[in-house]
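Colleague: Starting from these lines, generate the structure:
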Amino acid sequence: MLGILFNDKECKELDYVLRKELDEMLLDLSDSRLDGDIKQAITRRYKIIFRMYARIASPKELSRYALNARSYR
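Modeller: Numbering: from 1, shown residues only. I've put the predicted structure just below:
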């Protein structure tokens, strides 16, 4: 296990980057042109990024992405 200390500005930046990454993956998952294997790979990555985001996000913010994650399993 690794630990990292962030100051407030760095924490906000990490929050922003993770949210944007989750949004992009949700957009990709809704693309009908992608086949099942690609969507599976995106879903696996989504779960990892979601767990990272869960460590810094409030429950209200997290619920937005948790609900969407369930619909793509």
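Colleague: How many neighbouring residues does Ile38 have?
Modeller: 13 (other CB atoms under 10 Å). Quick note: C-beta positions are derived from backbone N, CA and C, even for glycine.
Colleague: Buried residues in the host helix or strand of it, which are they?
Modeller: Using DSSP states H and E, the element containing Ile38 is helix 36-54. Within helix 36-54, the residues that qualify as buried are Lys39, Ile42, Tyr46, Ile49, Phe50, Tyr53, counting by 16 or more other CB atoms under 10 Å.
Colleague: got the CA coordinates for stretch 33-53 in PDB?
Modeller: The C-alpha trace of stretch 33-53 is given here as PDB (Å, rounded to 0.1, in the frame of the first residue of the first chain):
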ATOM      1  CA  ARG A  33     -20.000   1.600 -32.400                       C
ATOM      2  CA  LEU A  34     -17.800  -0.100 -29.800                       C
ATOM      3  CA  ASP A  35     -17.900  -3.800 -29.500                       C
ATOM      4  CA  GLY A  36     -18.200  -5.900 -26.300                       C
ATOM      5  CA  ASP A  37     -14.500  -6.500 -25.700                       C
ATOM      6  CA  ILE A  38     -13.700  -2.800 -25.900                       C
ATOM      7  CA  LYS A  39     -16.600  -2.000 -23.500                       C
ATOM      8  CA  GLN A  40     -15.400  -4.600 -21.100                       C
ATOM      9  CA  ALA A  41     -11.900  -3.100 -21.000                       C
ATOM     10  CA  ILE A  42     -13.400   0.400 -20.500                       C
ATOM     11  CA  THR A  43     -15.600  -1.000 -17.700                       C
ATOM     12  CA  ARG A  44     -12.600  -2.600 -15.900                       C
ATOM     13  CA  ARG A  45     -10.700   0.700 -16.100                       C
ATOM     14  CA  TYR A  46     -13.900   2.600 -15.000                       C
ATOM     15  CA  LYS A  47     -14.000   0.500 -11.800                       C
ATOM     16  CA  ILE A  48     -10.400   1.300 -11.000                       C
ATOM     17  CA  ILE A  49     -10.800   5.100 -11.500                       C
ATOM     18  CA  PHE A  50     -14.100   5.000  -9.700                       C
ATOM     19  CA  ARG A  51     -12.400   3.500  -6.600                       C
ATOM     20  CA  MET A  52      -9.700   6.200  -6.700                       C
ATOM     21  CA  TYR A  53     -12.400   8.900  -7.000                       C
END
